[in-house]
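Enquirer: I'd like to go over a predicted model; first the sequence, then the structure.
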Amino acid sequence: MMYVPAHFAADDRELQELFASHGAADLVTMTPAGLLATMLPFVHDPERNVLRGHLARNNEQWQQPVVGDALVIMRGPDAYISPAWYASKREHGRVVPTWNYITAHVYGTLTVHDDPAWVEDVVRRLSDQHEAGRDEPWSVSDAPAKFISGQLRAIVGVELAINRIEAKFKLSQNRPDADIDGVIEGLRTAGQSATADAVAQARPVD
């Protein structure tokens with residue numbers, strides 16, 4: 001079980017934002033062959049509370065029966081936090097480095113879908129999700145149908161029916177206001193704007 005202090009616990013809104021915006025995640029399964037893991041993108045269906053993705057047909061993970069729940073490890077932005085950024089360093093010096101991050105451990109029952117129509121729907125949803133906002137978004141329909149058909153035969157679909165989520169948004173919420181200011185400024189100066197934005201958004205409200 002993930003260790004999650006109360007000030008780093010995520011609420012439902014934060015979780016839904018992570019599900020909608022995360023990059024690739026790690027699918028981890030315990031199998032008779034041992035632990036297997038693959039990094040792959042997922043699309044979240046909130047109505048059915050499932051994650052959907054696909055694996056290469058040659059990947060043995062989908063062929064191995066899963067012992068117990070499968071686990072998907074999602075991540076948001078993360079970054080090293082220097083104690084030099086804290087106002088507290090200048091006040092008393094009792095500070096140490098840490099790491100800020102967003103992560104969610106999503107547990108559930110894994111189902112394999114070896115069905116081209118099902119897999120095509122997932123591929124279209126994933127493409128649409130990650131192409132959204134581009135000036136000229138690519139669509140599956142842009143490629144020749146025969147080519148897409150061949151590509152679909154090379155992958156299989158996977159679906160995780162979610163039954164438990166453990167999430168941790170560790171974003172300096174336990175630091176004094178002046179330290180949080182320093183973290184945000186330090187991250188922006190270091191080019192870590194995504195993590196800086198996450199820290200600013202997670203800032204406790206009095």
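Expert: All right, it came through fine. Residues are numbered from 1 along each chain as shown.
Enquirer: show me what counts as buried in stretch 96-109.
Expert: Asn100, Tyr101, Ile102, Thr103, Ala104, His105, Val106, Tyr107, Gly108 (16 or more other C-beta atoms under 10 Å). Heads up, the C-betas are built off the backbone N, CA and C, glycines and all.
Enquirer: could you pull out the strands for this protein?
Expert: Per DSSP state E, the chain carries strands over the ranges 25-31, 34-40, 43-45, 50-56, 70-81, 98-113, 155-170.
Enquirer: parallel or antiparallel, list what pairs with the first one.
Expert: It stands for strand 25-31. Using DSSP bridges, strand 25-31 pairs in its sheet with strand 34-40 (antiparallel), strand 70-81 (antiparallel).
Enquirer: and the third one, by the same measure?
Expert: For strand 43-45, the pairing partners within the sheet under DSSP bridges are strand 50-56 (antiparallel).
Enquirer: number of residues surrounding the nearest residue to Leu15 once chain neighbours are set aside?
Expert: Of all residues not flanking Leu15 in the chain, Ala167 sits nearest, at 5.8 Å (C-beta to C-beta, 6 or more residues apart in numbering). Around Ala167 there are 21 other residues, counting by other C-beta atoms under 10 Å.
Enquirer: let me know the pLDDT of Asp206.
Expert: Looking at Asp206, its pLDDT reads 69.
Enquirer: so who does the spatially most central residue of the chain touch?
Expert: The centre of the chain sits closest to Met74, judged by C-alpha atoms, centre = their mean, with a distance of 2.7 Å. By C-beta atoms under 8 Å, 6 or more residues apart in numbering, the contact set of Met74 is Leu18, Phe19, His22, Ala25, Phe42, Thr103, Ala104, Val106.
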